[in-house]
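> The sequence isn't on hand, but the structure is:
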């Protein structure tokens, strides 16, 4: 089927403006997730007394939903993306508050909500929505002195980080804090704000270490492996050794039979054991493509909001992937964080799709740098030739 530029439909405009390399990288990761679900989840399902392909079937359903969400969100204009982020953030925050009241307690934490027989983790959907809203508030703070953008951004962060800490979910809290600090740094605001945010993060981590026993145990075991049980991490590291460069072969791995979270938190170890370290590096390179491609040509972005939001969303995907894979090789304490697009789980898959959809929507800026004039990091100005399109996207 041929697509003509003369056609002024929404799909045609999307096809000629969407970043196809980012789209292909995301679809490749989703395809990898389906393949790895076939490799890792049957053994876990059997161990739980379920049908062998229970998790595979669920993964296929959620992967289809993720693709639909990603494409639909990528069709939105910048203004529509901000509105969607606001609605998603309000809904996710309300659900997170409900989790604290009625959510089931699993391993000492309340993070999940049961709706119509499905387990949902609202914090996963809150993260990309928060990044977009914080980017808008910080960009407005640099553009207009009469807008309390810094206060709004700090308020949004306090609400999300506070609810995450109450669950408690220290890993997600640290991830959100790192992305928010990067947005603060890149927004051009005074460094004292960045330093203050870093101090708050350090104090928060210290309080978590002192108050929450499981945080203290994980950090102590990471710093001194002899101080406690480290079976899961040790077994994951052994999978990289056993797999070597080329792996033991599809279906030949054993870690999926001994670790309960092999299809989620330790999916990278399954890849290493069955397909080899080279496959892990290929998987990591797909995340690198997303991060570096998203950040390439940021000076061509129509305004400061687009630059900040695209950077924050790319960092959200890249940092979460690094943390997940870092846990499997012992570089990071266990966090219970999934691998975007790849790990099993409906909330994680849809949240990754929402993140990528927002990234694709906000990354649809003019390809020719002559169309955009950027005198400073704040809102740029557009010549008359591109004014109509810029007005529509804002």
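All right, it came through fine. Keep in mind it's a predicted model, so treat the numbers as computed, not measured. Residues are numbered from 1 along each chain as shown.

> ok, residue 41 touching residue 60?
No - counting by CB atoms under 8 Å, residue 41 does not reach residue 60; the two are 11.0 Å apart. (C-beta placed from N, C-alpha, C; glycine too.)

> more crowded one of those two?
Each of residue 41 and residue 60 has its neighbours counted (other CB atoms under 10 Å); residue 41 has more, 26 against 15.

> ok, so what distance separates the most centrally placed residue in the chain from residue 290?
In the chain, the residue lying closest to the centroid (CA atoms, centre = their mean) is residue 317, at 3.7 Å. Noted for residue 317: a distance of 6 Å to residue 290, by CB to CB, to the nearest Å.

> anything in contact with each of these two?
Residues touching both residue 317 and residue 290 (CB atoms under 8 Å, 6 or more residues apart in numbering) are 356, 359.

> residue ranges of the strands in the stretch 101-250 of the chain, please?
Secondary structure of the stretch 101-250 of the chain (DSSP state E, counting those that start in this stretch): strands at 113-115, 118-120.

> Just put those in CSV and tack on mean neighbour count.
Putting the strands of the stretch 101-250 of the chain into CSV (neighbours: other CB atoms under 10 Å) gives the following:
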stretch, mean neighbour count
strand 113-115, 14
strand 118-120, 16
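
> Which positions in the helix or strand that contains residue 284 come out as buried?
Using DSSP states H and E, residue 284 sits in helix 277-295. By 16 or more other CB atoms under 10 Å, the buried positions in helix 277-295 come out as 277, 279, 280, 283, 286, 287, 289, 290, 291, 293, 294.

> Quick one: list the elements packing against the helix or strand just after that helix.
Downstream of helix 277-295, the next assigned helix or strand under DSSP H and E is helix 304-328. On a contact count with 3 or more CB pairs under 8 Å, 6 or more residues apart in numbering; DSSP states H and E, helix 304-328 meets helix 78-102, helix 122-143, helix 170-186, helix 231-243, helix 267-275, helix 277-295, helix 346-362.

> where does residue 82 sit relative to residue 361, distance-wise?
10 Å.

> now do residue 256
36 Å.

> Which of those two has more residues huddled nearby?
Ranked by neighbour count (other CB under 10 Å), residue 256 and residue 361 place residue 361 first, with 28 against 24.

> need the contact list for the more buried one.
73, 74, 75, 76, 77, 78, 80, 81.

> Quickly note the distance from it to residue 69.
12 Å.

> now swap in residue 345 and tell me
Distance from residue 345 to residue 69, by CB to CB: 14 Å.

> who has more neighbours, the two?
residue 345 (22 against 18).

> what's that one sitting at in phi/psi?
Dihedral pair for residue 345: phi 140, psi 130, per degrees, to the nearest 10.

> So, low pLDDT: which residues of the stretch 201-350 of the chain?
Scanning the stretch 201-350 of the chain for pLDDT under 70 picks out 226-229.

> switch to 50 and redo it
Counting by pLDDT under 50, not a single residue of the stretch 201-350 of the chain qualifies.

> sorry, back to before: the helix holding residue 284 packs against which elements?
helix 20-47, helix 231-243, helix 267-275, helix 304-328, helix 346-362.

> Show the subsequent helix or strand relative to the second one.
This means helix 231-243. helix 255-258.

> Ok, which of the helices and strands packed on helix 304-328 comes nearest residue 201?
helix 170-186 (4.8 Å; CB to CB).

> Can you name the residues in contact with the closest one?
With CB under 8 Å, 6+ apart, helix 170-186 has contacts from 123, 127, 130-131, 134-135, 138, 153, 157, 160-161, 164-165, 193-194, 197-198, 201, 204-205, 208, 212, 215, 307-308, 311-312, 315-316, 319-320, 323, 335-337.

> what's the answer for stretch 288-298, then?
19, 21-22, 25-26, 307, 310-311, 313-315, 317-318, 356, 359, 363, 369.

> again, only this time at 10 Å
19, 21-22, 24-26, 28-29, 186, 281, 306-308, 310-319, 321-322, 340-341, 355-356, 359-360, 362-363, 365-367, 369, 374, 377 (CB atoms under 10 Å, 6 or more residues apart in numbering).

> separation between residue 39 and residue 56?
10 Å.

> who touches both of the two?
With CB under 10 Å, 6+ apart as the test, residue 39 and residue 56 both reach residue 263.

> any residues in contact with both of residue 41 and residue 60?
residue 53.

> chain center to stretch 313-325, what's the gap?
6 Å (CA atoms, centre = their mean, to the nearest Å).

> Brilliant, that's me finished.
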